[in-house]
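> Turn this into a structure:
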Amino acid sequence: MLQRSMTDPLVRLRNVSKSYGADARRFVALDAISLDISAGECVAVVGKSGSGKTTLINLLTGIDTPTSGTIEIGPHAIHRLSQEGLAAWRGRNVGIVFQFFQLLPTLTIAENVMLPMDFCNVHPRRDRRARALALLERLEIAEQADKVPADLSGGQQQRAAIARALATDPPLIVADEPTGNLDSVTSDVVLAFLAGLAEDGKTVITVSHERELDRYFTRTISLRDGVVTEDTGACVAALT
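Residues are numbered from 1 along each chain as shown. The predicted structure follows:
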């Protein structure tokens, strides 16, 4: 298992709850969770369906807002941001890798990687294709840059999705079941790359139904019924 970072937390959750519905039909998806996650950590969030993993990820990425509690990522108290503010914050601060890749089928791979730069107006326009090609080269699929997603294998599409997640150089990378549609060999490659990003100082949070390949993670957080049942982080900050 990789050594954990000892830096100050990048992600801070305090008594975060999320519920849906009301009264007798109220469903508590997360129940008063408090966590610190530091820059440079490579964290696995595990649990069965319905454990709260998706809710937690939606809160961390600003796709959803908590019912109660506070969420701070870097200097941003994202629980206080408007929907417009969340969208702007997310574009510059979070890279999301999806299980089903979510590449736009009518765009080339390079164009897919350039999209976040275009939307967030990050990097001069004249430099965006070069940056996209450099990211694809880093992921060893630069030769696929001008093909459309349907021409690539699943593993190549997931690498392209990772390149897109890195396009704006966000400090936080969230991968939602990134190996769910990959074979074991390609899964190893993808997880090793994500672990390397953590070694470079990014915070990487990977979600899975099962514990898989613990050697790639500095820490594993287990969820069940909306609460943390296990946290292998030995240096979790004292929560207040």
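> So for the lengthiest helix in the chain, mean pLDDT?
In the chain, with assignment by DSSP state H, the single longest helix is helix 184-199. For helix 184-199, the mean per-residue pLDDT is 89.
> Show me how far that helix is from its chain's centre.
Relative to the chain's own centre, helix 184-199 is displaced by 14 Å; criterion: CA atoms, centre = their mean, to the nearest Å.
> Check which helices and strands it sits against.
strand 42-46, helix 154-165, strand 172-176, strand 203-208 (3 or more CB pairs under 8 Å, 6 or more residues apart in numbering; DSSP states H and E). Quick note: C-beta positions are derived from backbone N, CA and C, even for glycine.
> Can you tell me the centre-most residue of this structure?
Val174 (0.3 Å; CA atoms, centre = their mean).
> Just the buried positions in the lowest-mean-pLDDT helix or strand in the chain, please.
Least confident helix or strand of the chain, by mean pLDDT, DSSP states H and E, is helix 184-199 with a mean of 89. Going by neighbour count (16 or more other CB atoms under 10 Å), the buried part of helix 184-199 is 186-187, 189-191, 193-195, 197-198.
> residue contacts, Arg128?
Counting by CB atoms under 8 Å, 6 or more residues apart in numbering, Arg128 touches 114, 117-118.
> try 10 Å
By CB atoms under 10 Å, 6 or more residues apart in numbering, the contact list for Arg128 reads 110-111, 113-118, 122, 167.
> again with Ile141
Contacts of Ile141 (CB under 10 Å, 6+ apart): 109, 135, 147, 152-153, 155-160, 162-163.
> Nearest to Leu103 among the buried residues of helix 184-199?
Minimum separation from Leu103 among those (CB to CB) is found for Val190, which lies at 15.0 Å.
> wouldn't that closest one be in contact with Ile162 here?
Yes - contact criterion CB atoms under 10 Å: Val190 and Ile162 qualify, at 7.2 Å.
> Most neighbours of all the contacts of Arg128, which one?
Top of the contacts of Arg128 by neighbour number is Val113, holding 29 neighbours under the definition other CB atoms under 10 Å.
> Secondary structure element for the closest residue to that residue other than its chain neighbours, which one?
In this structure, Val113 finds its nearest non-sequential neighbour in Ala132, 3.9 Å apart by CB to CB, 6 or more residues apart in numbering. Take DSSP states H and E as the rule and Ala132 turns out to sit in helix 125-138.
> same question, Phe100
Phe100 is part of no helix or strand when elements are defined by DSSP H and E.
> For the nearest residue to it once chain neighbours are set aside, the count of nearby residues, please.
Computed as CB to CB, 6+ apart, the closest residue to Phe100 that is not its neighbour in sequence is Asn181, at 6.8 Å. Here the number of neighbours of Asn181 (other CB under 10 Å) works out to 15.
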